[in-house]
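J.: let me see the structure of the following:
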Amino acid sequence: MAEIFRDKIARSWKRLGQGIFYAGVISLMVVSLNPEQPIFAVQHAFRSLSSAYLDEDGYYSDPHKTIDQHLAANRLRAMLAPGDRIEFFGSCPLIPFLLKQKLSSRFCAMQFLLASPPGKEMTEQQRRWFDEYSKAVMHEPPRFFVIQDFIPGYLGMNFPSEHLKDFLPAYFPELDRFLRQNYKLVSRVGSIEIYERV
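T.: Numbers count the residues shown, from 1 in each chain. Here you go, the predicted structure:
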């Protein structure tokens, strides 16, 4: 009988310890949340995505400039004909998502392709990926080439510049020449430039 009692007490202490551990983990998660994110989510839970994207007062630290992307997507939607394609050279591919466009390459978010460890040069694998991206875009040239000329968190990713356009001639020289010869700037929305094939 005493052994059963000791076993129940041991299991109770174990459960209590597990409960305290999980409560601590959940508390740390809640404390580490940016309070604006849940507030923004609650405010826009039952509204259209457009109102969420265009809410300048809601989530002030919008690192991906979703307002610019939403407005650029609306502008592109008006210019696209059936069968037209776009290519997006930026950090957060919201424009292709909103337009339901498939990109030419598997690389949809450039900051992950371009990031390198502090103090290190680009790797040989990255150079092959740059070449793969360039060839994919030039193989089937899209009607519109969209550049988001801003990288959120560029200092933390060891980038020499916050302007994504600076990377085109440096890391994608063949693609840069191709764009200069075959595309012209037709629209600018904040940090987003829209180029059309001539």
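J.: care to break this structure down by domain?
T.: Here the domain assignment for the chain is 2-46, 63-197, based on automatic domain parsing.
J.: can you flag the weakest of the ones you listed by average pLDDT?
T.: By mean pLDDT, the lowest-scoring of the domains of the chain turns out to be domain 2-46, with a mean of 82.
J.: how far off centre is it?
T.: Centroid separation between domain 2-46 and its chain, computed with CA atoms, centre = their mean, to the nearest Å, is 31 Å.
J.: check stretch 98-113 too.
T.: 9 Å.
J.: just the buried residues of that stretch, please?
T.: For stretch 98-113, the neighbour count (16 or more other CB atoms under 10 Å) marks L98, L99, Q101, L103, S104, S105, F107, C108, M110, Q111, L113 as buried. For every residue, glycine as well, the C-beta is placed using N, CA and C.
J.: just send the domains of the chain back as JSON lines, with distance to L54 too.
T.: Shown next, in JSON lines, are the domains of the chain (distance: least, CB to CB, whole Å):
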{"stretch": "domain 2-46", "distance to L54": "10"}
{"stretch": "domain 63-197", "distance to L54": "6"}
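J.: out of those, deepest packed?
T.: domain 63-197 (a mean of 16; mean count of other CB atoms under 10 Å).
J.: mind checking the longest helix of the protein?
T.: The residue-count maximum for a helix in the chain (DSSP state H) belongs to helix 2-32.
J.: between the helix or strand that that helix is followed by and helix 2-32, how big is the angle?
T.: Past helix 2-32, further along toward the C-terminus, the next helix or strand under DSSP states H and E is helix 36-44. For helix 36-44 and helix 2-32, the angle between their directions (axes from the mean of the first three to the mean of the last three CA atoms, to 10 degrees) works out to 80 degrees.
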